[in-house]
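A.B. asks: Give me a 3D structure for the following:
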Amino acid sequence: MIRQVSRQKLAVDKYTDCLKKSVNYRVYAEFWYLDTLLGENWDCLVYNDYEAVMPLPFVRKFGIKFINQPLYCQQLGVFHQKEFTGHIFQEFEMRLHRKLVRSYNFNEENTAMFSPKGKLRVNQILDISNSYEELYNNFSLNRKRNIKKNSFNKLNIDQSFFDVEWYFDALEKNYAYSKTINLSLFKEIINENIQRKNCTQYFLFDENKTIISSVFVLHSLERIILLSSVRNKDFEPKGSFSYLLNHIIKDNYGRPLIFDFEGSNIKGIQEYYASYNSEIRYYCSYKNFFELVF
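C.D. replies: Modelled structure (predicted):
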């Protein structure tokens, strides 16, 4: 019923069709997204004739192959349609458990429906299908204050172009963590999404047309995902980032969309996203590598 297929032998059309029709679609699982991050270093568990799929990213070290969740890919897991049972999910899960797993993240729906083994991690989402007035009224007082204050700062927002080089220059200049991540790979995934018209880059400018901050938002069918943001800290008015995020919400409200903040286990970031009245959704991260080796 479940077989493992290498990337080279994957029936891409059937895989894509299964993913698009799934109740828990994520752009992270698109074959081209994984190809950009991993090349051919991923396999897939397939149920029957692509009725459900589970992409498995891997790396090799010292001749050992183990499952490893890549950066810029928050959630994977089993993608399936409504007619799917817990018994079949457990078969997928047991297949994973038999492998060396350094890290593997199930999606929120898998976690809520089937409670897979692993550690719960925090994502935060906001249903923006309601009216903007209703959304805004549920923001915290501090968030409303920052938005209102910056509405008088002669700020402008543009989303009509991309400037990837500026973005990565600002990332390296303003964020120490940029030295710990693979920036060239991050740039590749950004450019791939741009080429496929699958993302939007928002810019916030001051009255002198200096870029204050910028955000990349990925499109994931019924979700828009806050993939990454940078701020030009030399020019940033206090609270101006709230003004930018408010614009993005205002730009997309009233449609059947989820605004996905991508969450954080860091308390301060959680509290900031919570100030938009976001809802916590958990996804499960599984690993057994150290248990098996040591």
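A.B. asks: Can you name the residues in contact with stretch 74-83?
C.D. replies: Stretch 74-83 has contacts (CB atoms under 8 Å, 6 or more residues apart in numbering) with 18-19, 21-26, 28-29, 45, 47, 51-55, 57, 69, 88-89, 92, 104-110, 116, 123, 262, 283. No exception for glycine: its C-beta is placed from N, CA and C like everyone else's.
A.B. asks: Now, those that are in helices?
C.D. replies: Cys18, Leu19, Lys21, Ile88, Phe89, Phe92, Glu108, Glu109, Asn110 (DSSP state H).
A.B. asks: Please check the contacts of stretch 74-83 and keep the buried ones.
C.D. replies: Neighbour counting over the contacts of stretch 74-83 (16 or more other CB atoms under 10 Å) leaves 18-19, 22, 24-26, 28-29, 45, 47, 51-55, 57, 69, 88-89, 92, 104-110, 116, 123, 262, 283 as the buried ones.
A.B. asks: any idea how far the residue nearest to Thr16 when sequence neighbours are not counted is from Tyr177?
C.D. replies: Excluding the flanking residues, the one nearest Thr16 by CB to CB, 6 or more residues apart in numbering is Phe31, at 6.5 Å. Distance, Phe31 to Tyr177, using CB to CB, to the nearest Å: 29 Å.
A.B. asks: In terms of neighbours, single out the busier of the two.
C.D. replies: Between Phe31 and Tyr177, counted using other CB atoms under 10 Å, Phe31 has the larger neighbour count: 17 against 7.
A.B. asks: Mind pulling up the pLDDT for that one?
C.D. replies: In this model, Phe31 is scored at 98, pLDDT.
A.B. asks: okay but it is in contact with Gln8, surely?
C.D. replies: No. The criterion here is CB atoms under 8 Å, and Phe31 misses it with Gln8 at 11.8 Å.
A.B. asks: show me the contacts for Ile258.
C.D. replies: Applying CB under 8 Å, 6+ apart to Ile258 gives the contacts Ile125, Leu126, Asp127, Ile128, Glu222, Arg223, Ile224.
A.B. asks: what's the most distant pair in the residues you listed?
C.D. replies: Greatest spacing in the contacts of Ile258, by CB to CB: Leu126 and Glu222 (12.9 Å).
A.B. asks: Of these two, which one has the most company?
C.D. replies: Leu126 (20 against 12).
A.B. asks: buried ones in the helix or strand the more buried one falls within?
C.D. replies: Counting by DSSP states H and E, the element that carries Leu126 is strand 119-127. Residues Arg121, Val122, Asn123, Gln124, Ile125, Leu126 are the ones in strand 119-127 that count as buried (16+ other CB under 10 Å).
A.B. asks: What pairs with it, parallel or antiparallel?
C.D. replies: Under the criterion DSSP bridges, strand 119-127 sits next to strand 258-260 (antiparallel), strand 279-286 (antiparallel) in its sheet.
A.B. asks: And these: which comes nearest Phe62?
C.D. replies: Of these, nearest to Phe62 by CB to CB is strand 279-286, at 22.1 Å.
A.B. asks: quick one: contacts of that closest one?
C.D. replies: Residues contacting strand 279-286 (CB under 8 Å, 6+ apart): 69, 74-75, 77, 96-97, 101, 103-108, 110-112, 115-127, 263, 270, 274.
A.B. asks: Was I right to think Glu207 contacts Lys154?
C.D. replies: Yes. When contacts are counted by CB under 8 Å, Glu207 is listed as touching Lys154 (3.9 Å).
A.B. asks: what's the pLDDT at Phe62?
C.D. replies: 87.
A.B. asks: What of the one 3 residues further on?
C.D. replies: What the model reports for Lys65 is a pLDDT of 95.
A.B. asks: Skipping adjacent residues, who's closest to it in space?
C.D. replies: That would be Phe58: by CB to CB, 6+ apart, it lies 5.4 Å from Lys65.
A.B. asks: Quick check: beta-bridge partners of that neighbour?
C.D. replies: Going by DSSP bridges, Phe58 forms beta bridges with Ile67.
A.B. asks: Just give me the neighbour total for it.
C.D. replies: Neighbours of Phe58 using other CB under 10 Å come to 19.
A.B. asks: Return the residues in contact with it.
C.D. replies: Applying CB under 8 Å, 6+ apart, the residues near Phe58 are Asn41, Trp42, Asp43, Lys65, Phe66, Ile67, Asn68.
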